[in-house]
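S.K.: okay, structure incoming, though there's no sequence with it:
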């Protein structure tokens, strides 16, 4: 799951947005600009077992599996920006996601409302992004553990 979060963070940061991995129960710093917190809201693997044998690539056995997940992007906007500023920040993130970039190609997303949260003194909006990717790994030289984990696929 960490690879999914890191891929989204890289895309957001490349576009100049302040983005972090969401940490349950963590406190937000006093915000001066919008912040996007990224987490995995849901994940399902399509096959039982750890990895399925896929064949040989470059003289190494390749194993993998399909992963369906939903990334949750919480957009935090300082209270001083007001509701209009919060909507503008949400629009900026949505436009970035629709443009794609990096390793990701995004076609769908679900956008929730933007509400003021008194606990964090911010406006918070939620964007859900469905993900369909494949996780790949090779076996160690002695064949006892999976190594070289990689994610490939697209967010859609």
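M.R.: That came through, no problem. Because the structure is predicted, anything quoted here is derived from the model rather than measured.
S.K.: residue 78 reaches residue 28, doesn't it?
M.R.: No: contact criterion Cβ atoms under 8 Å: residue 78 and residue 28 do not qualify, at 10.0 Å. (C-beta placed from N, C-alpha, C; glycine too.)
S.K.: following the longest helix anywhere in the chain, which helix or strand shows up next?
M.R.: For the chain, the helix with the greatest residue count under DSSP state H is helix 82-99. Using DSSP states H and E, the helix or strand that follows helix 82-99 in sequence is strand 110-117.
S.K.: list the helices and strands that following strand packs on?
M.R.: Under the contact definition 3 or more Cβ pairs under 8 Å, 6 or more residues apart in numbering; DSSP states H and E, strand 110-117 sits against helix 82-99, strand 122-139.
S.K.: now that strand: buried residues?
M.R.: For strand 110-117, the neighbour count (16 or more other Cβ atoms under 10 Å) marks 111, 114 as buried.
S.K.: which SS class is residue 120?
M.R.: coil (DSSP: H, G, I helix; E, B strand; the rest coil).
S.K.: where does the closest residue to it other than its chain neighbours land in three-state SS?
M.R.: Counting by Cβ to Cβ, 6 or more residues apart in numbering, residue 28 is the residue found nearest to residue 120 once chain neighbours are left out, at 5.0 Å. Secondary structure, three-state DSSP: residue 28 is coil.
S.K.: ok, residue 28 - contacts?
M.R.: 35, 76, 120, 122 (Cβ atoms under 8 Å, 6 or more residues apart in numbering).
S.K.: let's see 10 Å
M.R.: 20, 35, 37, 76, 78, 117, 119-122, 124 (Cβ atoms under 10 Å, 6 or more residues apart in numbering).
S.K.: name the helices or strands packed onto the longest helix of the chain?
M.R.: helix 2-14, strand 35-45, strand 60-78, strand 110-117, strand 122-139 (3 or more Cβ pairs under 10 Å, 6 or more residues apart in numbering; DSSP states H and E).
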